[in-house]
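Chemist: one predicted model, sequence on top.
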Amino acid sequence: DRSRLPSNSSLWWRDMTSFNSHALCPQGWLSANICRKVRNGENTLFWSDKWLGNFRLSESFSHLYQIAKHKGMLISAKINNNGSEETWIWSWRRRIFVWEEVLLEELISILQGISLEMSVEDSWIWTGDDSFSFSVVYVYKLIFNHNLVVQDTFILKRFSKVYGMWLYPQRCWFFHGGWC
């Protein structure tokens with residue numbers, strides 16, 4: 001989501017997020033291949049971000065999400081550190097029903113063992129391949145191997161302007177600044 005990008009985000013990252021929502025790209029290809037690694041919980045949304053695997057709590061626990069009072073809360077604000085023990089803070093728009101208590105117990109069991117590291121910031125994890133290492137080559141292949149994308153002039157112009165060497169593989173760029 002481009003609205004959540006920090007103002008100092010790189011041009012490359014801004015382009016990648018714009019392709020994520022572009023009509024001719026595989027739907028949500030970027031968000032399907034990344035998730036959050038929670039450390040201090042200061043940059044990760046409890047309900048909306050993927051941080052417990054490849055799912056969002058807002059989708060997996062949609063009934064609890066619907067009655068949650070604060071849907072946009074960060075993880076750091078959802079957890080209370082009482083010195084030796086961390087507990088989750090729950091705030092509902094109404095009293096929860098018995099069947100929703102069962103869902104809450106299930107959610108609490110998933111959250112068991114989660115603890116924050118206040119001195120380390122949250123980060124992104126690339127889940128696009130088995131190495132969990134982000135690769136520009138992987139993203140390039142993902143975008144350009146999708147038949148519809150190659151036909152789209154918006155994406156081709158954007159890549160040729162910023163990443164021209166990708167569109168013309170016969171060229172290569174050396175660090176000293178010359179073409180071969």
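Modeler: Yes, it's here. Numbers count the residues shown, from 1 in each chain.
Chemist: show me what counts as buried in the longest helix along the chain.
Modeler: Scanning the chain for the longest helix, with DSSP state H as the assignment, gives helix 98-111. Residues of helix 98-111 classed as buried by neighbour count (16 or more other Cβ atoms under 10 Å): 100, 103, 104, 107, 111. No exception for glycine: its C-beta is placed from N, CA and C like everyone else's.
Chemist: quick one: contacts for the second one?
Modeler: Going back to what we said before, that points to residue 103. 61, 63, 64 (Cβ atoms under 8 Å, 6 or more residues apart in numbering).
Chemist: could you report the separation of it from residue 114?
Modeler: From residue 103 over to residue 114 the distance is 18 Å, taken as Cβ to Cβ, to the nearest Å.
Chemist: then the first one?
Modeler: Taking Cβ to Cβ as the criterion, residue 100 is separated from residue 114 by 21 Å.
Chemist: again with residue 68
Modeler: Distance, residue 68 to residue 114, using Cβ to Cβ: 18 Å.
Chemist: these two: who's more crowded?
Modeler: Of the pair residue 68 and residue 114, residue 68 is the one with more neighbours under other Cβ atoms under 10 Å, namely 20 against 14.
Chemist: pretty sure that one contacts residue 91?
Modeler: Yes - using Cβ atoms under 8 Å, residue 68 makes contact with residue 91 at a distance of 7.1 Å.
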